[in-house]
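S.K.: Give me the fold of what follows.
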Amino acid sequence: MLKTALTLLLAAAANGAAQETSVSTAAVQLSTAPVPAPLPDWRLPPLRRLSADLDRLARLGWHLPPERLDALAAEATALSARVREALGKDVLAAVEREEAPRRSEEALKTLAAFRSALQAAYAAGGGKYPASPAELAPGRLPAVPELYLPGHEPSSAVTLIASKKFDKDISKAVTDSGGWLYFAAPESANYGLLLLDCSHQEPGSTEEFYKH
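M.R.: Just a heads-up that it's a prediction; the model follows:
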């Protein structure tokens, strides 16, 4: 979420610097949005540097001690809240609508890749799925891919279903967490099934995400 907020703030800043008297709002479809003041160039480098550092952290973060990651997470949460406040609710809502199709496509690609990894683990395990998807990447943070579904905050959380309780109606297992839903019980008809734990409809469709 912090990376997304910084990207939005940098984009708004660059647009403001290029146009001293007005800023186009066509990209976010806000015809009545107030025109933001240009952000002085000297303020841009620290934000760009932070964005680059976040990319590096995403690639290398699992090598850091957990206590250092916890401290960074707390600071990142606070900064994210301030950036979101600076952008404003109207801009965030408009950008959410604009980004929904792209985020939907990325989530479905991530789902397909994650399912492929589970199938490979099933074959390597002699016909047994991992007890949890987190076992596919031991010692790595995050252990499972992060989702950023429309209508949700980013999440890599996994809801485990370790029973046959939802065999007759899989929709009742959906909690709309915005993370993953995994059926771990070998006796279940859904054993090894991985779903998007989201009851929102996919943009441009009447199908809910969990039905993929």
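S.K.: ok, the residue sitting nearest the centre point of the chain to C198 distance?
M.R.: With distances taken as Cα atoms, centre = their mean, the residue of the chain nearest its centroid is Y148 (2.2 Å). Taking Cβ to Cβ, to the nearest Å as the measure, Y148 falls 11 Å from C198. C-beta here means a position set from N, CA and C on the backbone, and glycine is covered the same way.
S.K.: Please state the mean pLDDT value computed over the longest helix seen in the chain.
M.R.: What stands out as the longest helix in the chain, according to DSSP state H, is helix 89-124. Mean pLDDT, helix 89-124: 90.
S.K.: Buried ones in that helix, by neighbour count?
M.R.: By neighbour count on 16 or more other Cβ atoms under 10 Å, the buried set for helix 89-124 is 91-92, 94-95, 99-100, 103-104, 107, 110-111, 114-115, 117-118, 121.
S.K.: Now tell me which helix or strand of this protein has the poorest mean pLDDT.
M.R.: Across the helices and strands of the chain, mean confidence by mean pLDDT, DSSP states H and E is lowest for helix 2-18: a mean of 47.
S.K.: following that helix, which helix or strand comes up?
M.R.: Toward the C-terminus, helix 2-18 is succeeded by helix 44-60 as the next helix or strand (DSSP states H and E).
S.K.: Can I get that following helix in PDB? Just the C-alpha atoms.
M.R.: Taking only C-alpha atoms (Å, rounded to 0.1, in the frame of the first residue of the first chain), the coordinates of helix 44-60 have been written out as PDB:
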ATOM      1  CA  LEU A  44      10.900  14.900  -5.300                       C
ATOM      2  CA  PRO A  45      14.300  13.100  -4.900                       C
ATOM      3  CA  PRO A  46      13.600  11.800  -1.300                       C
ATOM      4  CA  LEU A  47      10.300  10.300  -2.500                       C
ATOM      5  CA  ARG A  48      11.800   8.700  -5.600                       C
ATOM      6  CA  ARG A  49      14.600   7.300  -3.500                       C
ATOM      7  CA  LEU A  50      12.100   5.800  -1.000                       C
ATOM      8  CA  SER A  51      10.200   4.300  -3.900                       C
ATOM      9  CA  ALA A  52      13.400   2.700  -5.200                       C
ATOM     10  CA  ASP A  53      14.300   1.500  -1.700                       C
ATOM     11  CA  LEU A  54      10.900  -0.200  -1.400                       C
ATOM     12  CA  ASP A  55      11.500  -2.100  -4.600                       C
ATOM     13  CA  ARG A  56      14.900  -3.300  -3.200                       C
ATOM     14  CA  LEU A  57      13.200  -4.300   0.100                       C
ATOM     15  CA  ALA A  58      10.600  -6.300  -1.800                       C
ATOM     16  CA  ARG A  59      13.400  -8.300  -3.500                       C
ATOM     17  CA  LEU A  60      15.800  -8.600  -0.500                       C
END
